[in-house]
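Novice: predicted model and sequence below, questions to follow.
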Amino acid sequence: MSSAVTAANEHDHDHHGPAKGLKRWLYATNHKDIGTMYLVFSGLMFFTGGFMALIIRSELFTPGLQFVAPNFFNQMTTMHALIMVFGAVMPAFVGLANWMIPMMIGAPDMALPRMNNWSFWILPVAFSMLLATLFMPGGAPAGGWTMYPPLVLQTGDAFPFLIFSVHLMGLSSIMGAINVIVTIINMRTPDMTLLKMPMFVWTWLITAYLLIAVMPVLAGAVTMLLTDQFFGTSFFLAAGGGDPVMFQHIFWFFGHPEVYIMILPAFGVVSEIIPTFARKPLFGHDSMVYAASSIAFLSFIVWAHHMFTVGMPLTGQLFFMFATMLIAVPTGVKVFNWTATMWKGAMTFETPMLFSLAFLFLFTIGGFSGLMLAVVSSDIQYHDSYFVVAHFHYVLVPGSIFAIMAAVYYWLPKWTGHMYNEKLGQVHFWLSTIFVNVTFFPMHFLGLAGMPRRIPDYSTQFTDFNSIASIGAIGFGLSQLLFVYVVIQCVRKQGAKASSEVWEHPKGLEWTVPSPAPYHTFNDPPKVAAEVAFS
Amino acid sequence: MNDDAGNKRGIRKTALILAGVAVFFYLGFILLGVLRA
């Protein structure tokens, strides 16, 4: 593959390396350094949010109140969601984007490196502020990550901290998204036409447009909450002539595209990995681009399926039901294309491929339960039950998080210059896959049997499945320590040296630079040879 | 080099347009709230 690269590419300028000490990270403008910081931050948030999940599952191990007071339980469900969505999954994908997009499009760095630094450093401030609320009088926010008024307005001293931290998270995401779009539009190597771009770049481009459209909407909604609480407005207060349901409409106008913000880059990752380990080009590259674009468009017109039970005209229910079901078409295109890519391929099953295959099966389960929830008459039964918890955890854990793990295993040798321990990686995969199902599959049954979500106690008939789910959660949490061990081992260069290609003839410009990738890559725009191009 | 003068202009223009879109969505939805309340 390296022979396909032009001479310009072979003498990557490495004449000024990273600064020394803390300054390297504090003043970082290099996309690789910022990508690393995003990934490390995301890892810390995964374990923080995961610890909260374990508190929740410990409390639910048996009926009755065991360890925590109900209000603290509600704080845990709220904080777990906020941290996992905004602190773990989204920053992990931004980290991957920072590391990989410039290398995949032949750019020397992100287009706006100083803004990139700012985008990252806002995050630790935002989450420190959010986590600090745990120690305030009244505790952390406990009204759910959806922040529905009037309940959220009962939050104590934590309320303004919640609102400000959500604003900061939004600001960080918008700046990150602007950087991604500007980089892709303006910094591609001249040979890299739009349809030659790798799927990871494509899905991130679409995700970034979604972010710019919907993060300001969330910011607008929480600004109105703030003015309702402190400045005497009544946007959402019925007593003052406001409409609490309007908040739900605005929130979910942000919230549903947010779901795709967390899954489209995962589609991109899987679209990179499956062709490499099936040793075949991605089936239907262009149709994948159109499918991702269709999913993004549809995500804007389905928001009210989250709120069928608030009451709406029949025509509204029908519109949102059918529009939601329509999303299954482009998603199906993607699933069939990945399957067709593997068809008659010379497949091998290294850890990134295993995680990608698990993604394919288990994300599809989450997709199917999503279809069930789209049916208005059924949704009225399932709403606010554990079935919904099962659904979105199948989409987010073996969906988004497995894709993130697959991406880390896939690109780690490129980042560190060393192979990870394949055997331990596979052990990590099997433990994660078994425990993720032990945790979340029983929740379908609990929901169908009528167990409501967000409660610290439950009727005794729900005991068995809750105990199984809690054992699964503890197993899943412990398994992730193995992931950390494997990554640290690789970062400390304890594995075999990785070649520039790392895998067997993978496609893409990132595999044309040495491993580890030099601090500065593609100072001169590379040529995109046929073997490297995607379309 | 990728970052020639023309490219820098393009970068600035695209970034400003996108920032404008974000501000438009932010203020637009607050305006929606004002009109609806």
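Specialist: Yes, it's here. Numbering: from 1, shown residues only, chains lettered A, B, ... in the order given.

Novice: how close does residue A:348 sit to chain B?
Specialist: According to C-beta to the nearest C-beta, to the nearest Å, residue A:348 and chain B sit 36 Å apart. Just so you know, the C-beta spots here come from the backbone N, C-alpha and C atoms, and that holds for glycine as well.

Novice: do I have it right that residue A:289 meets residue A:196?
Specialist: No - counting by C-beta atoms under 8 Å, residue A:289 stays clear of residue A:196, with 11.0 Å between them.

Novice: more neighbours: which of these two?
Specialist: residue A:289 (21 against 17; other C-beta atoms under 10 Å in any protein chain shown).

Novice: residue contacts, the more buried one?
Specialist: Going by C-beta atoms under 8 Å, 6 or more residues apart in numbering or on different chains, residue A:289 touches A:195, A:199, A:202.

Novice: hmm, 10 Å instead?
Specialist: Contact partners of residue A:289, counting by C-beta atoms under 10 Å, 6 or more residues apart in numbering or on different chains, are A:194-195, A:197, A:199, A:202-203, A:205-206, A:271, A:534-535.

Novice: that one looks like it's in a helix, true?
Specialist: Yes - according to DSSP: H, G, I helix; E, B strand; the rest coil, residue A:289 belongs to a helix.

Novice: relative to chain B, how far out is it?
Specialist: The span separating residue A:289 from chain B equals 20 Å under the rule C-beta to the nearest C-beta.

Novice: quick check: residues of chain B near chain A?
Specialist: B:1-3, B:6-19, B:21-34, B:36-37 (C-beta under 10 Å from any C-beta of the partner chain).

Novice: so where is the chain shaky, pLDDT-wise?
Specialist: Using chain A. Applying pLDDT under 70 to chain A picks out residues A:1-16, A:530-535.

Novice: you looked at the wrong chain, it should be chain B
Specialist: B:1-6.

Novice: if you set the cut-off to 50 instead, what comes out?
Specialist: Applying pLDDT under 50 to chain B flags residues B:1-2.

Novice: now the helices for it?
Specialist: For chain B, the helices defined by DSSP state H cover B:5-36.

Novice: which SS class is the closest residue to residue A:525 other than its chain neighbours?
Specialist: Nearest residue to residue A:525 in three dimensions, chain neighbours excluded: residue A:189, at 3.9 Å (C-beta to C-beta, 6 or more residues apart in numbering or on different chains). Three-state call for residue A:189 (three-state DSSP): coil.

Novice: my guess is residue A:189 meets residue A:528, correct?
Specialist: Yes - the pair residue A:189 / residue A:528 is scored as a contact, 6.5 Å apart, by C-beta atoms under 10 Å.

Novice: more crowded one of those two?
Specialist: Taking other C-beta under 10 Å, residue A:189 and residue A:528 do not tie; residue A:528 has more neighbours (25 against 21).

Novice: so the more buried one makes contact with residue A:522?
Specialist: No - look at residue A:528 against residue A:522 with C-beta under 10 Å: they stay out of range, at 11.4 Å.

Novice: picking up where we left off before, most neighbours among the contacts of residue A:289, please name it.
Specialist: Neighbour count (other C-beta under 10 Å) singles out residue A:203 as the most crowded of those, with 31 neighbours.

Novice: so where does it fall, helix or strand?
Specialist: For residue A:203, the host element (DSSP states H and E) is helix A:199-230.

Novice: how distant is the helix or strand following that helix from the center of its chain?
Specialist: Next helix or strand after helix A:199-230 toward the C-terminus (DSSP H and E): helix A:244-278. Centroid displacement of helix A:244-278 relative to its chain, using C-alpha atoms, centre = their mean, to the nearest Å, is 7 Å.
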